[in-house]
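Asker: Dropping the sequence and predicted coords here.
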Amino acid sequence: MIYLDNNATTRVFEEVADAMRPYLVDRFANPASAIGEFDGVGRAIAESKTSVARLLGAAEGGAIVVTSGATEANNHAILGAARACPSRRHLIVSSVEHPSVLETVRHLETSGYRVTLLPVSRAGAVAVNQVHQMLSPDTLLVSVMLANNETGVIQPVGEIADVVKNYDPHVLVHTDATQAIGKLPVDLGGGLAAVDLLSFSAHKFHGPKGVGALFVRESVPFAPLLFGGGQQGGLRPGTENPSAVIGMAKAMEYMAARKQSVGAMQSLRDRIESEVKMFVPGSLVLGAEVPRLPNTLNLFLPGVQSTELVDKLASCGIAISSGSACSHGALRPSHVLLAMGLGHTDAQCCIRISLSIETTRSEVESFLIELGKACPRNEAAGIAI
């Protein structure tokens, strides 16, 4: 299989699986039990969380709350803030957020919260000055993702957070960093020092599925969603999963050690981009005018039904996507592409290609050959935005 759908999920590194295995078959005791404590299971979890915090630049002044993934972390970020600060009833989120953010704020909207959607440019970027214009005295939280899962567009989250805190330091700032970790520097002690809440999933950076985390900065008012145990300071009770936490930390450590591979990955992405623009008339790279993730390419291919192309390539053993894996099979076009100004028809002519540091040049060349066979070569008018 040629796997070019790494924004959907990634292969677990062997080193990660090896680190997890002892906590599945040998050191399997409940970490909160006496034997779990004596066997060092609890200590291994604590050390893994410390490693994650350090790699995110958050070794001081915050907590890493382990979750089942970014969907839960995003829900907890928004709902936990709302429960802790019931007097504030205004939420600001970008129009290109993951559904786990958009649907959560829509849920709160049914309870009387006011929701403001931040528009994006045709390139998919949020304008910092627009954030300031939308803030109000009862704003509770601003949520803008660090990098988009469909287009790879990088948002100016650090600048947005500074604007928010200058307006009112009590307004919370959340960012979904799921697609950024392992591909971009994520520094909660530097460029993201004004961010209060940050969420992510391990399976996006070669860790296991079913585990992620939410960073909660110290002194941020925040409430649990679950009850019935004291684990994780009561913020997310329930028996902790040592193998998953350890696998997540190991994957993050491994990606940090191989950050020099990101440049080669971007070169391969750029190779695909340049070749497709040459052999598919009227093709367009979405978000090309602004900073993007080094692994992500979203292409408008005129006259091509993206779902048919994805299926055709899958039959050849090549994995790409027509958008977010969370919306695969949906008949409606991507909300991200619509927010960028594409019409419904054009939005259904877009494919997403997402590489990893494991992607090879030979895989890229094979993909280009099969894509060339599958794409019509007729002249097209181009995109209508």
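Answerer: In hand now; what should we look at?

Asker: So residue 248 sits against residue 208, correct?
Answerer: Yes - counting by CB atoms under 8 Å, residue 208 is a contact partner of residue 248 at 6.9 Å. No exception for glycine: its C-beta is placed from N, CA and C like everyone else's.

Asker: Need the overlap of contacts for those two.
Answerer: residue 202 (CB atoms under 8 Å, 6 or more residues apart in numbering).

Asker: quick one, which of these two is more surrounded?
Answerer: residue 248 (30 against 21; other CB atoms under 10 Å).

Asker: so what's the more buried one up against?
Answerer: 48, 52, 66, 202, 207, 208, 211, 212, 213.

Asker: ok, now residue 48?
Answerer: 245, 246, 248, 249, 250.

Asker: I'd like to know which of the residues you listed is nearest to residue 349.
Answerer: residue 248 (36.4 Å; CB to CB).

Asker: The closest one - that's part of a helix, no?
Answerer: Yes - per DSSP: H, G, I helix; E, B strand; the rest coil, residue 248 lies within a helix segment.

Asker: Return the residues in contact with the residue lying closest to it once chain neighbours are set aside.
Answerer: Spatially, and ignoring its direct neighbours in sequence, residue 248 is nearest to residue 202 (3.8 Å; CB to CB, 6 or more residues apart in numbering). Applying CB under 8 Å, 6+ apart, we find residue 202 in contact with 69, 208, 209, 211, 212, 244, 247, 248, 251, 252.

Asker: now with 7 Å?
Answerer: 208, 211, 212, 247, 248, 251 (CB atoms under 7 Å, 6 or more residues apart in numbering).

Asker: If I look at the nearest residue to the last one once chain neighbours are set aside, what pLDDT would I see?
Answerer: With CB to CB, 6+ apart as the criterion, residue 251 has its nearest non-adjacent residue at 3.3 Å, and that residue is residue 207. At residue 207, the pLDDT value in this model is 98.

Asker: Against residue 17, how distant is residue 207?
Answerer: 10 Å (CB to CB, to the nearest Å).

Asker: More neighbours: these two, which one.
Answerer: residue 207 (31 against 17).

Asker: Which of the helices or strands spans the more buried one?
Answerer: Per DSSP states H and E: residue 207 is located in neither a helix nor a strand.

Asker: what's the answer for residue 93, then?
Answerer: Going by DSSP H and E, residue 93 is in strand 90-94.

Asker: elements contacting that strand?
Answerer: helix 99-109, strand 114-118, strand 139-143 (3 or more CB pairs under 7 Å, 6 or more residues apart in numbering; DSSP states H and E).

Asker: deepest of these, which one?
Answerer: strand 139-143 (a mean of 25; mean count of other CB atoms under 10 Å).

Asker: following it, which helix or strand shows up next?
Answerer: helix 157-167.

Asker: and that next one, how far out from the chain's middle?
Answerer: Remark: helix 157-167 is offset 20 Å from the chain centroid, using CA atoms, centre = their mean, to the nearest Å.

Asker: which of the residues in it are buried?
Answerer: For helix 157-167, the neighbour count (16 or more other CB atoms under 10 Å) marks 157, 158, 160, 161, 162, 163, 164, 165, 167 as buried.

Asker: just curious, which of those is nearest to residue 322?
Answerer: Using CB to CB, the buried residues of helix 157-167 come closest to residue 322 at residue 157, 26.6 Å.

Asker: on that earlier part again, now the contacts of residue 48 in JSON lines, please, with extra columns for pLDDT.
Answerer: Formatted as JSON lines, the contacts of residue 48 follow (pLDDT from 0 to 100):
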{"residue": "245", "pLDDT": "97"}
{"residue": "246", "pLDDT": "98"}
{"residue": "248", "pLDDT": "98"}
{"residue": "249", "pLDDT": "97"}
{"residue": "250", "pLDDT": "98"}
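
Asker: List only buried entries from those residues.
Answerer: 245, 246, 248, 249, 250.

Asker: Surely the residue nearest to residue 251 touches residue 247?
Answerer: Yes - under the criterion of CB atoms under 7 Å, residue 207 makes contact with residue 247 at 5.3 Å.

Asker: Cool, thanks, talk later.
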